[in-house]
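>>> sequence and predicted structure below; questions after.
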Amino acid sequence: MLRTEGLGYWYQNKDQPLFQQVNLEFEVGQSYAILGHSGSGKTTFLSLIAGLDKPREGAIFLNDRPLTEIGLTHYRRHEVSIVFQAYNLFTYMSPLNNLLTAMAITGASHAGDQDYARQILRDLGIADELMTRNVQHLSGGQQQRVAIARTMCCDAKLVVADEPTGNLDEDNTQAVIAQFQRIAHDQQKCVILVTHEPDVAAQCDQQYRLENKQFVRLAERA
Amino acid sequence: MNFFKRAWLNVWAKKGRSVLLILVSSAILMFVLAGLLIRSAAVKATETAKTNAGATVTLSANRQAAFKKMQSQSSSSTKASRPKLTLTPVKLSDAKNIAKLSNIKSYNVTSSTTVNAKSYDTVSTSTGMGAGGGPGGMKGSSQSSGDTQIDGVTATALTTAFTDNQSKVTKGRGITASDEGTNNVVIEKELASQNNITVGDTLTFKQTTGSKKTIKAKIVGIYKASSSSTSTGPMSVDPANTIYASYTLANTLKGSKYAGTADSVTFNVKNPAKVSATKRAGKQLISSKYSLSTDDAAYQSVKSSMNNVESFANKIVWLVAIAGTIILALIVILMIRERRFEIGVLLSLGEARWKIVAQFFTEMLMVIVIALAVAGVGGKFVGNQLGSQLVAQSTTTQTTSRSSNQPGGGQPGGSNGGNQHGAGGPDSTATTAAATKKANLEISMSAVDLAELGGFGLAITFLSIMIASGGILRLEPKKVLIS
Ligand SMILES: Nc1ncnc2c1ncn2[C@@H]1O[C@H](COP(=O)(O)OP(=O)(O)O)[C@@H](O)[C@H]1O
Ligand SMILES: [Mg+2]
């Protein structure tokens, strides 16, 4: 579904790229973890496949169409959905309105469907009385679940997450990982999540480690 | 219209911030409105001044030409005949032609003379002047002088003394055009009470020239001359001895050759701004023996005082609008910096940048609409305060500058025919009083003012968002990932 070809990126110095000649493929129905030390360039890589920045070298293809042809705004709106480490919900809205807003902007097939949004929130363990309160009244774990719900209610087939469990305790981490697995397997989407925690990565279907400017594939989960 | 909903949710959820923004915007708009109100009040006042303060064109004998003629006579003629300054009385037929000019509203014929009291006693001034002390005050007239001044007019309501409220009819009525050809008179209150006569009574006086006939006149009204007009020069008659009559009676008293003439004719113009054009047009209609002079001092004074206020108000409007835009833009820039994560999320969801700008614009618009209402209430108050301060200042300046210009006796009416009320003293105070009276700024809020304020509010909002939106348009969506 998503493919990179000769992907390379550097900030100031071309001679010191973060990664170079990256050729990877990601499929729907699978979850992928990208491991790596802090500062190795995981977030930078994610920003490229999320359509938030352009590669310095190489290209990204969605179903064999280059992103440059699709257009980054269109790509972000319809093809990819992002979960952030700091949740990044709209702080002035309720969980319900966060979902409805995302669906409206992306033109999702369920746009405007309150019952659908409520059902997704309910599935993720957000109680009905919390759905219409301001999101700032929710705990970190609850907010991240709302962020995941936001991803689930949109139609994008590609879900990327940057350290989604970075701010969560153990219980919440497990719940969130389980949810990502359901997105990949039940919703048949492609989940790519970046983490520096091997425990978290180990629960994904496939793992890559970013080291020495290359993505090295780790042994598949048993 | 999703950005509209987001804007509303944001304004509603962040009430504290919204209230603060409303307060700042209200303060800005209130000053804009105050400026707008003062400006439109100044425009209105100038319009009123055009018709009220008015300007006049006066037709009178050409003194300069007459003086030249006298000089040439003295050089050519023999010693036997002494050269005489002859002022040709104004012809009423000329006046009627001038009155047909489009800018002429009305006109007042003035013909003055003196008579000697017969059935009554004149009022003698407390400052030592006897009843017969008058003669010295009359200049340029061929007639010998009596103790009673007869001011012949078309209508008392058209004379400066009455329009400026220096004199007021207190009983009966003033002289009107319908009194032409009659012996109806209006006398001063003091003269009336001293002789115990009133409206409906008759009085008699004697001509000073010709056959010195006794004339019987009927009192139709009593007027009161204001106290300030008693302070005339030492050489004149007590103002209480001035009797108003139709100019035709004055002409009759002067003698038969004065029929159809006048000392001067004062024309009131409709549009004082065009007074000099009217004067030029009028000059075409008369011979060089006559002159036309204009007086638009009252109008000019009001106009310049209002122009000052208006340009000051204009400056307030623009300064406040510009300062307000800058202040709001800075606030919005700070707001946008604080909300860059939210903008990043919107961008990562694929929202168009213009819609994000539109969201901020809508948020500010909601704030501005409430601020407009607040400013509408407060602006009238501020405008009233500021307006009265401004007028007080500018009229004070006007008054001082005008009275220092006055000593020449700028009133054209005062310089001709001889039988006017002495020097220019009372006239000059009268004009200044009129100007001050008319310079009152009436601050009232019209729909136009509010619409204009709304326009300014919209423009300020739009500009400040435009200035600040550079930040939104430049923001890299990637920033949302890297904090
Ligand atoms: N905008 C930037 N300009 C310059 N250097 C940057 C910028 N963003 C990140 N970097 C650097 O690039 C490297 C990779 O950053 P990042 O992709 O965030 O790593 P990771 O997510 O793996 O921790 C880091 O050394 C970081 O300092
Ligand atoms: Mg990172």
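Structure received. Numbering: from 1, shown residues only, chains lettered A, B, ... in the order given. Ligands and ions are numbered 1, 2, ... in the order given.
>>> where in chain A is pLDDT low?
Applying pLDDT under 70 to chain A flags the ranges A:220-222.
>>> would you tell me which residues of it are close to chain B?
Residues of chain A lying close to chain B by Cβ under 8 Å from any Cβ of the partner chain are A:43, A:46-47, A:50, A:52-53, A:73-78, A:82, A:84, A:86, A:88-93, A:97, A:101-102, A:104-106, A:134, A:162. Quick note: C-beta positions are derived from backbone N, CA and C, even for glycine.
>>> ok, residue 202 - how many residues close by?
Assuming you mean chain A. Residues near residue A:202, counting by other Cβ atoms under 10 Å in any protein chain shown, number 14.
>>> wrong chain, I was asking about chain B
Neighbours of residue B:202 under the rule other Cβ under 10 Å: 12.
>>> show me what contacts it?
Residues in contact with residue B:202 (Cβ atoms under 8 Å, 6 or more residues apart in numbering or on different chains) are B:119, B:216-219.
>>> please check the residues of chain A next to chain B and keep the buried ones.
When these are checked for burial by 16 or more other Cβ atoms under 10 Å in any protein chain shown, the buried set is A:43, A:46-47, A:50, A:52-53, A:75-78, A:82, A:84, A:86, A:88-93, A:97, A:101-102, A:104-106, A:134, A:162.
>>> go ahead and confirm residue B:360 touches residue B:466.
No. Residue B:360 is beyond contact range of residue B:466, at 10.3 Å (criterion: Cβ atoms under 8 Å).
>>> helices of the chain, start to end?
You didn't say which chain, so I picked chain A. A:42-49, A:67-70, A:72-78, A:95-106, A:114-123, A:128-131, A:140-153, A:170-185, A:198-202 (DSSP state H).
>>> right idea, wrong chain: chain B
Going by DSSP H, chain B shows helices at B:2-13, B:15-52, B:63-76, B:92-99, B:160-163, B:189-195, B:247-254, B:275-283, B:297-338, B:340-348, B:353-405, B:425-438, B:447-474.
>>> look up how far residue B:86 lies from residue B:67.
With distances taken as Cβ to Cβ, to the nearest Å, residue B:67 is found 10 Å from residue B:86.
>>> ok so, going back, looking at the helices of chain A, spot the one closest to ligand 1.
Among the helices of chain A, helix A:42-49 comes nearest to ligand 1, with 3.1 Å by Cβ to the nearest ligand atom.
>>> which residues touch the closest one?
For helix A:42-49, the external contacting residues (Cβ under 8 Å, 6+ apart) are A:2, A:4, A:7, A:9, A:18-19, A:22, A:26, A:34-36, A:53-55, A:60, A:80, A:158, A:160, A:162, A:192, A:194, A:196, A:210, A:215, B:478, B:481-482.
>>> again, but for stretch A:177-185
Contacts of stretch A:177-185 (Cβ under 8 Å, 6+ apart): A:28-31, A:124, A:145, A:148, A:151-152, A:159, A:161, A:164-165, A:189-191, A:193, A:200, A:203-205.
>>> related to what we said a few turns ago, among residue B:67 and residue B:86, which residue is more densely surrounded?
Between residue B:67 and residue B:86, counting by other Cβ under 10 Å, residue B:86 is the more crowded of the two (14 against 11).
>>> and the contacts of helix A:42-49, which of them are in strands?
Judged by DSSP state E, the subset of the contacts of helix A:42-49 located in strands is A:2, A:4, A:7, A:9, A:19, A:22, A:26, A:34-35, A:60, A:80, A:158, A:160, A:162, A:192, A:194, A:210, A:215.
>>> on that earlier part again, closest to residue B:2 out of the helices of chain A?
Nearest to residue B:2, of all these, is helix A:95-106, at 4.4 Å by Cβ to Cβ.
>>> residues of stretch B:163-170 that come out buried?
Using 16+ other Cβ under 10 Å as the test for burial, stretch B:163-170 gives B:163-164, B:166-167, B:169.
>>> now that stretch: mean pLDDT?
Averaged across stretch B:163-170, pLDDT comes to 88.
>>> and residue A:160, how many neighbours?
The number of residues packed near residue A:160 is 30, by other Cβ under 10 Å.
>>> CA atoms only: put stretch B:151-161 into PDB for me.
C-alpha atoms of stretch B:151-161 as PDB (Å, rounded to 0.1, in the frame of the first residue of the first chain):
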ATOM      1  CA  ASP B 151     -34.900 103.100  11.600                       C
ATOM      2  CA  GLY B 152     -36.900 102.300   8.500                       C
ATOM      3  CA  VAL B 153     -36.700  98.600   7.500                       C
ATOM      4  CA  THR B 154     -38.500  96.100   5.500                       C
ATOM      5  CA  ALA B 155     -39.000  93.900   8.500                       C
ATOM      6  CA  THR B 156     -37.500  94.000  12.000                       C
ATOM      7  CA  ALA B 157     -37.100  90.300  11.900                       C
ATOM      8  CA  LEU B 158     -34.500  90.700   9.100                       C
ATOM      9  CA  THR B 159     -32.300  93.200  10.900                       C
ATOM     10  CA  THR B 160     -29.100  92.100  12.600                       C
ATOM     11  CA  ALA B 161     -30.300  93.400  16.000                       C
END
